[in-house]
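Enquirer: quick one: sequence and predicted model below, then my questions.
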Amino acid sequence: MVDNPKNGRIRIVVLSVIAIAAASGFGVGMVFSDASSSQIREVDESLTELVVAVVPQGDASSFESQGEILEDYFASKIGMNVRLFYPTDDTTTIASIGAGTTHVAFMSSRPAQLAYELNEGKALVFMAELRPFQAEGGTEKLDTSYWSEYWVRADSDITALEDARGNSVAFSGPLSTGGYLFPVAKLVEDGMISSGGDPKEFFSNVVFSGGYQQSLMALLRGDVDVAAGDDWAVYTFLTPEEQSQIRVIERQGPVPTHSVIYRSDIVSPDLITKFEKAMIDIKTERPELLDAALFGANEFVPANHHSHLDTLEAALELSRIPAIS
């Protein structure tokens, strides 16, 4: 892993960072919108390798073979060696971000917010995934939001969320945004559990599957009666025949899409601006890598940390799910 020695660091005024990003024409300067111009950040300019984590949204084995190609793409765009890996879970990724051994990470928005909190605001969202989003009125557009859903098998007697009381459920994991936080917040909103309560008060058994794909497969096998996750997961991970066996009984959100975060005290403004441009260019230059190495993402766009995560912060306040560190 990459060491981050203090020698070689320089002090940069945040106002200058914003000016650099503005001059480049990209949105990286937006991540400093919560900082005063008098604040100083220390940035490590001794990096010789950028370490990038892509947290799995499904079975990582089918994507890891393309990781080396994505490494080469990023290296050619930013002019530095890039090492990409698929970590086992969000918790280990957050720990490596805190240790400074991971510099950029693709992850769900709740872990992104937790990384921000545990690193004194130095782990910042700078890009967000753009996905098809159907608004309440039925209009579809590309947006940095999506819906979280509760699913049952098509032949299930469960027709609404309240019917699921006393049944088993599969959530992705305790740090999942659309696969746990928002589904639990929906239980609180509808009065099925109390704020700060355990979903086991409503469901007979709660399983953490490890990902959206795993939750869907557990549902199809009959291991659980209900599953929850992102709306796009059904179309990403299931065949048309499998999709016909799944039915939506509730949706909640809008949920902020997956984020790309970086350590602003380790990665220089110039380097992260190059990385941001590489992510914008990948849509036209190497679109197959979005599907093959980044879990079927559509594209990524610049984002402001707090603006992107505002609905997540509201869901955390409503559900009062205990912090995990």
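Expert: Thanks, I have it. Values in this document were obtained by computation on a predicted structure and should not be read as measured data. Residues are numbered from 1 along each chain as shown.
Enquirer: drop to CA atoms for contacts and neighbour counts, all remaining ones
Expert: OK.
Enquirer: in contact with residue 239: list those residues for me.
Expert: Neighbour list for residue 239: empty [criterion: Cα atoms under 8 Å, 6 or more residues apart in numbering].
Enquirer: and it, how far is that from residue 245?
Expert: Residue 239 sits 10 Å away from residue 245, taking Cα to Cα, to the nearest Å as the criterion.
Enquirer: how much space between the spatially most central residue of the chain and residue 49?
Expert: Closest to where the C-alpha atoms of the chain average out (Cα atoms, centre = their mean) is residue 108, at 1.8 Å. Residue 108 sits 24 Å away from residue 49, going by Cα to Cα.
Enquirer: what of residue 237?
Expert: Distance from residue 237 to residue 49, by Cα to Cα: 33 Å.
Enquirer: more crowded one of the two?
Expert: residue 237 (20 against 16; other Cα atoms under 10 Å).
Enquirer: pLDDT score for the nearest residue to the more buried one once chain neighbours are set aside?
Expert: Nearest residue to residue 237, sequence neighbours excluded (Cα to Cα, 6 or more residues apart in numbering): residue 213, at 5.9 Å. pLDDT for residue 213: 92.
Enquirer: show me the helices in the chain, by range?
Expert: Per DSSP state H, the chain carries helices over the ranges 14-24, 61-64, 67-78, 90-99, 109-118, 182-189, 212-221, 233-237, 240-243, 269-285, 288-292, 305-308, 310-319.
Enquirer: where are the low-confidence patches of this structure?
Expert: 1-45, 57-65, 134-139, 296, 322-325 (pLDDT under 70).
Enquirer: one more pass at 80, please.
Expert: Applying pLDDT under 80 to the chain flags residues 1-46, 56-66, 132-141, 291-297, 322-325.
Enquirer: how's it carved up into domains?
Expert: Following automatic domain parsing, one finds the domains of the chain at 9-131+257-305, 145-255.
Enquirer: closest to residue 318 out of the ones you listed?
Expert: domain 145-255 (6.2 Å; Cα to Cα).
Enquirer: centre of the chain to the closest one, how far?
Expert: 18 Å (Cα atoms, centre = their mean, to the nearest Å).
Enquirer: first-to-last residue distance for that domain?
Expert: First-to-last distance for domain 145-255 - Cα to Cα - comes to 5 Å.
Enquirer: ok, now stretch 150-158?
Expert: End-to-end distance for stretch 150-158, by Cα to Cα: 11 Å.
Enquirer: now render the domains of the chain as TSV, adding distance to residue 314.
Expert: Conversion of the domains of the chain to TSV gives the following (distance: least, Cα to Cα, whole Å):
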stretch	distance to residue 314
domain 9-131+257-305	12
domain 145-255	9
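Enquirer: closest one to residue 316 among these?
Expert: Taking the domains of the chain one by one with Cα to Cα, domain 145-255 is closest: 7.2 Å.
Enquirer: could I get the contacting residues of residue 254?
Expert: 145-148, 311.
Enquirer: so how far is residue 226 from the residue nearest to the centre of the chain?
Expert: For residue 108 relative to residue 226 (Cα to Cα), the value is 22 Å.
Enquirer: residue contacts, residue 252?
Expert: Residue 252 neighbours (Cα under 8 Å, 6+ apart): 147-149, 182-183, 186.
Enquirer: okay, it and residue 130: tell me how far apart.
Expert: In terms of Cα to Cα, residue 252 sits 18 Å off from residue 130.
Enquirer: please tell me I have it right and residue 294 contacts residue 53.
Expert: No. Applying Cα atoms under 8 Å, one finds residue 294 not in contact with residue 53, separated by 10.7 Å.
Enquirer: residue 214 is in contact with residue 173, correct?
Expert: No. If you go by Cα under 8 Å, residue 173 and residue 214 don't touch, sitting 10.7 Å apart.
Enquirer: so what's the residue count around residue 124?
Expert: Residue 124 has 25 nearby residues by other Cα under 10 Å.
Enquirer: who's in contact with it?
Expert: Contacts of residue 124 by Cα under 8 Å, 6+ apart are 31, 112, 116, 261-264, 305.
Enquirer: go again with 6 Å.
Expert: 261-262 (Cα atoms under 6 Å, 6 or more residues apart in numbering).
Enquirer: return the member of the contacts of residue 254 nearest to residue 277.
Expert: residue 145 (21.5 Å).
Enquirer: correct me if wrong: that closest one contacts residue 259.
Expert: No. The criterion here is Cα atoms under 6 Å, and residue 145 misses it with residue 259 at 10.9 Å.
Enquirer: quick one: which of the two has more around it?
Expert: Counting neighbours by other Cα under 10 Å for residue 145 and for residue 259 shows that residue 259 has the greater number, 29 against 23.
Enquirer: just give the closest residue to the more buried one, not the sequence neighbours.
Expert: Closest residue to residue 259 in three dimensions, ignoring its sequence neighbours and counting by Cα to Cα, 6+ apart: residue 128, at 4.5 Å.
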